[in-house]
Structures are given as C-alpha cells and as structure tokens.
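Undergrad: Build me a model:
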Amino acid sequence: MSEKQQPGVWEGFKTFLMRGNVIDLAVAVVIGAAFTNIVNSVVKGIINPLVGAVGTRNLDSYTSCLKGPCHGSGDTATGVRMMWGSVLGATLSFVITAAVVYFLMVLPMSKFLARQAARQRAKEGTQEVIEVSELEVLKEIRDALLAQRGSGQRPD
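TA: So this is what the prediction gives:
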C-alpha cells in the first residue's frame, strides 16, 4: 500500500489563500465595507433631510404604536412600538447600494463583456469567410485542371 504525503496544515492554508477567488473575495469585502460608509452618508446626508422636509429629520423616529399608551423614547418608552422608520431607512440604503453597484459596476462590465464577445465573434467570422473563400478558389482551380485534363489539353 503506497502512502501519499499529505500536505501539512500550513501548506493547505497557504494554497487556500493563494487561490484567486479568495483574494478577490477579500478585496470585495474591504471595498464593500468602505462602500457601506458612503451609502450610509448619502442616506443620512441627503435622504433623511429630504424626508425631514416632510416630517422629522431622522427616519428612526417614525414609529407606530401597536399597544398603547406609547409615550417617551429610548429606555423610558412605554407601550409596544413598531419602528417602521428604521426599516424604511435600511430599505433605502439597500436600494441605493444596489443601484450604485448595478449602474457603476455590473452594467459597464456587462457592456464591456458583450463588446469583447462581439469582437471575438467578428474575428472568428472573418477567419471563416477567408477560409471559405480560399477553399472555393482551390476548388475552382482543381475543377479547371480536371476540365483541362478531361478535354485532352495539357496544362502549361
């Protein structure tokens, strides 16, 4: 029975870390964390003041009382409150994040890949046309030679 050397834990870990997708994932997490700060700033700096023009400046203050009496806020609050304002704020953050990711990353990359694929198809199509036309010329030459041979003429 032959025994294979099993790689050590350190070698396996090093191989795992050196895979391209792990590095890409780490970069994505770091960029995502930084991007989260940008989105939160947009929500707090732009969306909340727009909502504040209609009501309060903080979306978290929008609540509904499920079981009264609802008085106070924070630790002194009474009653059962449904805090739909914070859900609305999180939903807006998600929609803004998804829109920015789509319009600034996914859409341009899709268009770039589509252009690359079209160029590749055009290049392959051109090569095919050239190959077909060369083949057709060679067939015509063959047919002409056969016709000359068949009629008893010798090619010069």
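Undergrad: Which residues outside the one helix or strand R81 maps to are in contact with it?
TA: If you go by DSSP states H and E, R81 is part of strand 80-82. Contacts with strand 80-82, where a contact means CB atoms under 8 Å, 6 or more residues apart in numbering, come from T63, S64, C65, L66, K67, C70. Placement of C-beta: from N, CA and C, glycine included.
Undergrad: okay if I get those residues as a markdown table plus distance to N48?
TA: Conversion of the contacts of strand 80-82 to a markdown table gives the following (distance: CB to CB, whole Å):
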| residue | distance to N48 |
| --- | --- |
| T63 | 16 |
| S64 | 19 |
| C65 | 22 |
| L66 | 24 |
| K67 | 28 |
| C70 | 22 |
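Undergrad: in the helix or strand harbouring I38, what counts as buried?
TA: The secondary structure element spanning I38 is helix 20-42 (assigned by DSSP H and E). Across helix 20-42, burial judged by 16 or more other CB atoms under 10 Å covers V39, V42.
Undergrad: before we move on, what about stretch 65-74?
TA: Of the residues in stretch 65-74, those buried under the neighbour-count criterion (16+ other CB under 10 Å) are C70.
Undergrad: average pLDDT for it?
TA: If you average the pLDDT over stretch 65-74, you get 71.
Undergrad: First-to-last residue distance for stretch 100-108?
TA: The straight-line separation of the ends of stretch 100-108 (CA to CA, to the nearest Å) is 12 Å.
Undergrad: chain center to that stretch, what's the gap?
TA: Distance of stretch 100-108 from its chain centroid, counting by CA atoms, centre = their mean, to the nearest Å, is 7 Å.
Undergrad: Show me where the protein has its helices.
TA: Using DSSP state H, the helices assigned to the chain run over residues 9-18, 20-42, 48-54, 84-101, 107-150.
Undergrad: Understood, closing this out.
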